[in-house]
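Novice: no sequence on this one, just coordinates:
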């Protein structure tokens, strides 16, 4: 059984392209519900996985989608969609069971993937007795805020 990688993607581009992407995601969502299996856009070859599962978005949000993939993010598929519609995107992903957490940006045909590595995950500890996480002298109920902080620091350190 696969571990599920949670993904959030935000597309940026011309309104017509964002509308076309909305239609693409709507079509994949309906097809997934009907066929009860992951989906890919028709123009993406079915060779390396990257299937979209459990697609959803909030009403009124244009160009912002959440979905799951098996094990890892589907960066290649997202890049193919961006190329097809001539748009940029930012993709946040996490599958904490295998210490996968990062952010991809694709702008002006340049892909940058910044992710946490093993040493990043080693910067905090979980206390089983108190069911809390400890990071930089503070106590946390969840590791989500810690990981967000670590990723934001890493992203900031990669800025020109």
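Specialist: Nice, I can see it. None of these values were measured; they are calculated from a predicted model. Numbering: from 1, shown residues only.

Novice: which one in this structure is furthest away from the centre?
Specialist: Farthest-out residue of the chain from its mean C-alpha position, per Cα atoms, centre = their mean: residue 129, at 32.1 Å.

Novice: please, where are all the strands along this protein?
Specialist: In the chain, the strands defined using DSSP state E lie at 4-12, 53-56, 64-70, 88-95, 100-107, 110-115, 125-127, 132-135, 138-140.

Novice: JSON lines for those, including mean pLDDT?
Specialist: Formatted as JSON lines, the strands of the chain follow (pLDDT from 0 to 100):
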{"stretch": "strand 4-12", "mean pLDDT": "97"}
{"stretch": "strand 53-56", "mean pLDDT": "97"}
{"stretch": "strand 64-70", "mean pLDDT": "97"}
{"stretch": "strand 88-95", "mean pLDDT": "97"}
{"stretch": "strand 100-107", "mean pLDDT": "97"}
{"stretch": "strand 110-115", "mean pLDDT": "96"}
{"stretch": "strand 125-127", "mean pLDDT": "95"}
{"stretch": "strand 132-135", "mean pLDDT": "97"}
{"stretch": "strand 138-140", "mean pLDDT": "96"}
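
Novice: so which of these is nearest residue 156?
Specialist: strand 110-115 (9.8 Å; Cβ to Cβ). The C-beta positions use only the backbone N, C-alpha and C, and glycine is treated the same way.

Novice: buried ones in that closest one?
Specialist: By 16 or more other Cβ atoms under 10 Å, the buried positions in strand 110-115 come out as residue 115.

Novice: that strand pairs with which strands, parallel or anti?
Specialist: strand 100-107 (antiparallel) (DSSP bridges).

Novice: buried sites along the strand it pairs with?
Specialist: Neighbour counts over strand 100-107 (16+ other Cβ under 10 Å) mark 100-106 as buried.

Novice: ok, residues contacting it?
Specialist: 5, 12, 71-73, 75, 78-79, 82, 88-95, 111-116, 147, 151, 155 (Cβ atoms under 8 Å, 6 or more residues apart in numbering).

Novice: run the last query once more with 7 Å
Specialist: 5, 72-73, 75, 79, 82, 88-94, 111-116, 147, 151, 155 (Cβ atoms under 7 Å, 6 or more residues apart in numbering).

Novice: just the buried members of those residues?
Specialist: For the contacts of strand 100-107, buried by 16+ other Cβ under 10 Å: 5, 72-73, 75, 79, 82, 89-94, 115-116, 147, 151.

Novice: pop the domain breakdown of the chain in here.
Specialist: 4-115, 117-160 (automatic domain parsing).
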